[in-house]
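**Q** Predicted model and sequence below, questions to follow.
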Amino acid sequence: MYQSDWILRQVELRGTLLKRMLSALREQRPDEVLRLAEEAIGEVLDLDVSLIDSLAPEALPALLGAGGEIDPQRALLLGEVLATRAAAFVQTGEDERAVHQARAAQLLLEPALVGEDRELRERAVKAIDLLSESGF
């Protein structure tokens, strides 16, 4: 019972945070996007944003794996958040940070693009489209 409640809460929180992040991005409020991204990384993924920022993009998939196998849900969610963060960094003119976030997002989204779960593929495609719109 507790585990299913926790999973439902995480799904709801993810959806709410991503919608708010995308809305703030469309309204050109990058500071709000970055604040919400930090919340999503901390609350939903139980990671510290400074850790995400300090790691090489190639190291992030391993961070999300348990026993050497990546958790596709967590990887996709982090990829979505980082893609949105990359777009916000473009809006603020922080190109180096935007490139780092975009590369990390692409590495995290790739497994979902080739996976068998249709919903995960569709979400990954939307995040990749956001990166493309941002110039990546």
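**A** Sure thing, it's come through. As the structure is a computational prediction, the values presented were derived from the model and not from experiment.
**Q** which residues in this protein form strands?
**A** 65-66, 69-70 (DSSP state E).
**Q** low-confidence ranges in the chain?
**A** 1-13, 66-68 (pLDDT under 70).
**Q** any chance you could map the helices in it?
**A** Using DSSP state H, the helices of the chain run over residues 2-26, 30-43, 49-54, 60-63, 72-92, 95-114, 118-133.
**Q** and the ones you listed, which is most packed in?
**A** helix 72-92 (a mean of 24; mean count of other Cβ atoms under 10 Å). The way it works is simple: take the backbone N, C-alpha and C, and place the C-beta from them, glycine included.
**Q** hey, C-alpha coordinates of it in PDB?
**A** In PDB, the C-alpha atoms belonging to helix 72-92 read as follows (Å, rounded to 0.1, in the frame of the first residue of the first chain):
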ATOM      1  CA  PRO A  72      14.400   4.000 -17.400                       C
ATOM      2  CA  GLN A  73      11.700   6.000 -15.500                       C
ATOM      3  CA  ARG A  74      14.200   7.900 -13.500                       C
ATOM      4  CA  ALA A  75      16.500   8.400 -16.500                       C
ATOM      5  CA  LEU A  76      13.700   9.700 -18.600                       C
ATOM      6  CA  LEU A  77      12.500  12.000 -15.900                       C
ATOM      7  CA  LEU A  78      16.000  13.400 -15.300                       C
ATOM      8  CA  GLY A  79      16.400  13.800 -19.100                       C
ATOM      9  CA  GLU A  80      13.200  15.700 -19.300                       C
ATOM     10  CA  VAL A  81      14.200  18.000 -16.500                       C
ATOM     11  CA  LEU A  82      17.600  18.600 -17.900                       C
ATOM     12  CA  ALA A  83      16.300  19.300 -21.400                       C
ATOM     13  CA  THR A  84      14.000  22.000 -19.900                       C
ATOM     14  CA  ARG A  85      16.900  23.300 -17.800                       C
ATOM     15  CA  ALA A  86      19.000  23.500 -21.000                       C
ATOM     16  CA  ALA A  87      16.300  25.600 -22.700                       C
ATOM     17  CA  ALA A  88      16.200  27.900 -19.600                       C
ATOM     18  CA  PHE A  89      20.000  28.300 -19.700                       C
ATOM     19  CA  VAL A  90      19.700  29.300 -23.300                       C
ATOM     20  CA  GLN A  91      17.200  32.000 -22.300                       C
ATOM     21  CA  THR A  92      19.600  33.300 -19.700                       C
END
